[in-house]
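S.K.: With the input below, show me the fold.
(one chain, ligands or ions: 1)
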Amino acid sequence: MNTIKEVAVIGLGYIGLPTAAILASKGIVVKGVDVTPRTVEAVNKGEVPFVEPALGEFVSKAVAEGTLSASFDTPEAEAYIVAVPTPFNEDYTADLSYIEAAADGIAPKLKGGELVILESTSPPGATQHLADYLLAKRPDLTSESLLIAHCPERVLPGYVMEELVTNDRIVGGITPEAAEKAKALYATFCEADILTTDAVTAEMAKLVENSFRDVNIAFANELSVISDKLGIDVWELIELANRHPRVNILQPGPGVGGHCIAVDPWFIVSAVPEQAQIIRQARETNDAKPNWVISKVEEATKSDKFNGKVALLGLAFKANIDDMRESPSIAIARKLAEANPSVEFLAVEPHVEALPKSLDGLNNLTLTPTDAALADASVLTLLVDHDQFKTVPATALAGKEVIDTRGLWR
Ligand code: SAJ
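M.R.: Now for the predicted structure:
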């Protein structure tokens, strides 16, 4: 039974804000903390600064009812949920500086007895590191008086509000008491099973889930390159093979993006480099896919029919979202535009109104409406399977060179 009535959520991003909003919808007073002024302002106005279906209603209702607010400073609370980024360093080890910055804000507020939950995807040992870090800052507290747990998020962008309720959760405690207390808090909104374990197993479970997917997408991406060499249709191949009752091959694409699957496997590789052979190879295979797409586009621009314009359809890292983090489309767009200054690239992304900063400074790349790009370019490169592109009529593709990395227009 949950007894916690006041929670601080540190980091109001794609995971922190939905978690804050759903807790607030259960009557818990939630104080969100973020370093970005745009985020703090938006939340206090009841708005969501990114695209996530259904989240807007939760946030506006909770803010109107006074159960959710945001600020730059960490408040006192009975429980703290840390949902900050964990990028990787150049050597693929995890950068824990955002977690440490969150802990710097929490430490002075502690009185003893609080629950601190790390939700950020973390390498093995990060939760213990957080515990040690907090206790080093607050030597007056003991490891018994601070309940620390890892509860990795597992929700799929685009379905977050649904999956927060329906997905099973894993809670790994530094102590069993911490796991139980965190479990009770999550049970206020999670209707599925909440499974308790130790912190390192919970950390690894999260990393393994995303590595499993990365390895299987790498298999699909390898099949697409093999099929191209053999002159067969990879989508048909996969469809046929998947008719076997125990085969379920995933879909090839232009590479793997997002802040999760393209990142998390490296945390395992850097922790146990000798042992993590398949996991490393999968990362390398998926990271190589954008260059393969680039070579296909460049090949198409050498044709006599090429009119000087290439459409790049979709910049987000996957369908029906606006998130462009680690997006293979962005890498493809940037490299193509840099390497082919005489070609005009028409980038299409229906979910944004301006190109991201990562594409700044490219004179031959412009954000273009879908219809104009389809009409003007003689090479059409489909990079993301957004719903908007599903309805493109076959007549719009007639006479064009089509590079369909998602199998949407076959
Ligand atoms: N992709 C393919 N082929 C596929 C499936 C995906 O190329 O068959 C690509 C996507 O286009 C995208 C990337 O992989 O670029 C990742 O997309 P995704 O939909 O597989 O996953 P994410 O990154 O949006 O969310 C994942 C989820 N993890 C798993 O499915 C195991 C989600 O549940 C996690 O919460 C999330 O990572 C996270 O935050 O870790």
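S.K.: Mind telling me what element residue 13 is part of?
M.R.: Following DSSP states H and E, one finds residue 13 outside all helices and strands.
S.K.: Okay, it and residue 258: tell me how far apart.
M.R.: Distance of residue 13 to residue 258, computed by C-beta to C-beta, to the nearest Å: 13 Å. Quick note: C-beta positions are derived from backbone N, CA and C, even for glycine.
S.K.: Run through who's touching the helix or strand encompassing residue 346.
M.R.: Using DSSP H and E, residue 346 sits within strand 344-348. For strand 344-348, the surrounding residues in contact (C-beta atoms under 8 Å, 6 or more residues apart in numbering) are 308-315, 333, 336-337, 355, 359, 362, 364-370, 372-373, 376-377.
S.K.: Relative to the whole chain's centre, how far out is the helix or strand hosting residue 41?
M.R.: Assigned by DSSP H and E, residue 41 belongs to helix 37-44. When distances are taken as C-alpha atoms, centre = their mean, to the nearest Å, helix 37-44 is centred 21 Å away from the chain's centroid.
S.K.: How many residues are close by the residue nearest to residue 7 when sequence neighbours are not counted?
M.R.: The spatial neighbour of residue 7 that comes closest, neighbours along the chain excluded (C-beta to C-beta, 6 or more residues apart in numbering), is residue 79 at 4.7 Å. Residues near residue 79, counting by other C-beta atoms under 10 Å, number 24.
S.K.: Verify the contact between residue 79 and residue 117 for me.
M.R.: Yes: using C-beta atoms under 8 Å, residue 79 is in contact with residue 117, at 6.8 Å.
S.K.: anything in contact with each of those two?
M.R.: Taking C-beta under 8 Å, 6+ apart as the contact rule, residue 79 and residue 117 both touch residue 185.
S.K.: So what angle separates the directions of the helix or strand where residue 31 lies and helix 37-44?
M.R.: Applying DSSP H and E as the criterion places residue 31 in strand 29-33. Between strand 29-33 and helix 37-44, the angle comes out at 160 degrees (axes from the mean of the first three to the mean of the last three C-alpha atoms, to 10 degrees).
S.K.: how distant is strand 29-33 from the center of its chain?
M.R.: 22 Å.
S.K.: repeat for stretch 82-94
M.R.: The chain centroid and the centroid of stretch 82-94 are separated by 13 Å under C-alpha atoms, centre = their mean.
S.K.: do you know how far residue 343 is from residue 303?
M.R.: According to C-beta to C-beta, residue 343 stands 12 Å off from residue 303.
S.K.: Number of residues surrounding residue 17?
M.R.: Look at residue 17: counted by other C-beta under 10 Å, it has 28 neighbours.
S.K.: Say whether the ligand is contacted by the strand or helix carrying it.
M.R.: Using DSSP H and E, residue 17 sits within helix 16-25. No: residues of helix 16-25 contacting the ligand under C-beta under 6 Å from any ligand atom: none, with a closest distance of 11.2 Å.
S.K.: re the thing from before, can you pull the phi/psi pair for the residue nearest to residue 7?
M.R.: Residue 79 adopts backbone torsions of phi -140, psi 150, taken as degrees, to the nearest 10.
S.K.: start the count at 10, not 1, going forward
M.R.: Shifting the count to begin at 10 puts that one at residue 88.
S.K.: The ligand contacts on this protein?
M.R.: Residues of the chain lying close to the ligand (C-beta under 6 Å from any ligand atom) are 130, 162-166, 218-219, 222, 226, 259-260, 262, 265-267, 269-270, 326-327.
S.K.: Just the buried subset of the residues you listed, please.
M.R.: 130, 162-164, 166, 218-219, 222, 226, 259-260, 262, 265-267, 269-270, 326-327 (16 or more other C-beta atoms under 10 Å).
S.K.: helix or strand for the residue nearest to residue 164 when sequence neighbours are not counted, which one?
M.R.: Closest residue to residue 164 apart from its sequence neighbours, by C-beta to C-beta, 6+ apart: residue 172 at 4.1 Å. Residue 172 belongs to helix 169-175 when assigned by DSSP H and E.
S.K.: From the ligand, how far off is residue 120?
M.R.: Residue 120 sits 32 Å away from the ligand, going by C-beta to the nearest ligand atom, to the nearest Å.
S.K.: residues contacting that residue?
M.R.: residue 85.
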